[in-house]
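Peer 1: could you work out the structure for the sequence below:
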Amino acid sequence: MRLSGKLLSATVIALVSTMKSLICLLAAIVAAESVSLYLRETTCSTSLDCSSGTCCRDANNILLNPAWSFQNDLLLRPQGNGNGMCKPGPAQLKEVCSGGCPCAKGLACYTPLTGACCPASRCETQEYVNQMNEYWNNCHPPKCFYPVRK
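Peer 2: All right, here's what the predicted structure looks like:
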């Protein structure tokens, strides 16, 4: 009987030790996930405020896109009210995209050629991007003119 008591005691000690290890591991996973969620979902005004792979969206999951502006001939970064949250997930068709807020699979981040300064890049189909690139690459007066700067 003494041998089985020692064996039982050793088994209980091993189980308690394993339980402590599992609880520590679970606590570490929860802490890491909380930090990761906090880093991804921070307040923002534009996706430029967010880390790579996250986009700035409002409470209705609409991508925020304040406009660039000029002041004394200097291009200023978009300013907003900070009411968005940086959320993981790519920009969708026609949404604003950037290096940090990439387009969904199958879409391309395209900056249109306009006469106004600094149009926002938007997610477009690859077919549309190819069509626009071909058009502007073959644009020569008098058949075609580049947009006049406004």
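Peer 1: where along the chain do the strands fall?
Peer 2: Per DSSP state E, the chain has strands spanning 43-44, 54-57, 69-71, 74-76, 84-88, 107-110, 122-125. These are given in chain order.
Peer 1: with respect to burial, which of these scores highest?
Peer 2: Mean neighbour count (mean count of other Cβ atoms under 10 Å) peaks for strand 54-57 among the strands of the chain, with a mean of 25. From N, CA and C alone the C-beta is placed, and that goes for glycine too.
Peer 1: from the contact counts, what lies against that one?
Peer 2: Secondary-structure packing of strand 54-57 (3 or more Cβ pairs under 8 Å, 6 or more residues apart in numbering; DSSP states H and E): strand 84-88.
Peer 1: contacts for the strand it packs on, please.
Peer 2: The contact list for strand 84-88 (Cβ atoms under 8 Å, 6 or more residues apart in numbering) reads 40-47, 49-51, 53-58, 61, 64.
Peer 1: so residue 122 makes contact with residue 109?
Peer 2: Yes - using Cβ atoms under 8 Å, residue 122 makes contact with residue 109 at a distance of 7.5 Å.
Peer 1: please enumerate the shared neighbours of these two.
Peer 2: Common neighbours of residue 122 and residue 109 (criterion: Cβ under 8 Å, 6+ apart): residue 97.
Peer 1: so for residue 138, what's the nearest residue that isn't a sequence neighbour?
Peer 2: With Cβ to Cβ, 6 or more residues apart in numbering as the measure, residue 144 is the residue that lies nearest to residue 138, at 7.4 Å, once sequence neighbours are left out.
Peer 1: okay, now the one you found: neighbour count?
Peer 2: In terms of burial, residue 144 registers 10 neighbours under the definition other Cβ atoms under 10 Å.
Peer 1: quick one: pLDDT of it?
Peer 2: The predicted local distance difference test score for residue 144 is 84.
Peer 1: roughly how far apart are it and residue 115?
Peer 2: The gap separating residue 144 from residue 115 is 14 Å, by Cβ to Cβ, to the nearest Å.
Peer 1: what is in contact with those two at once?
Peer 2: With contacts taken as Cβ under 8 Å, 6+ apart, residue 144 and residue 115 have no neighbour in common.
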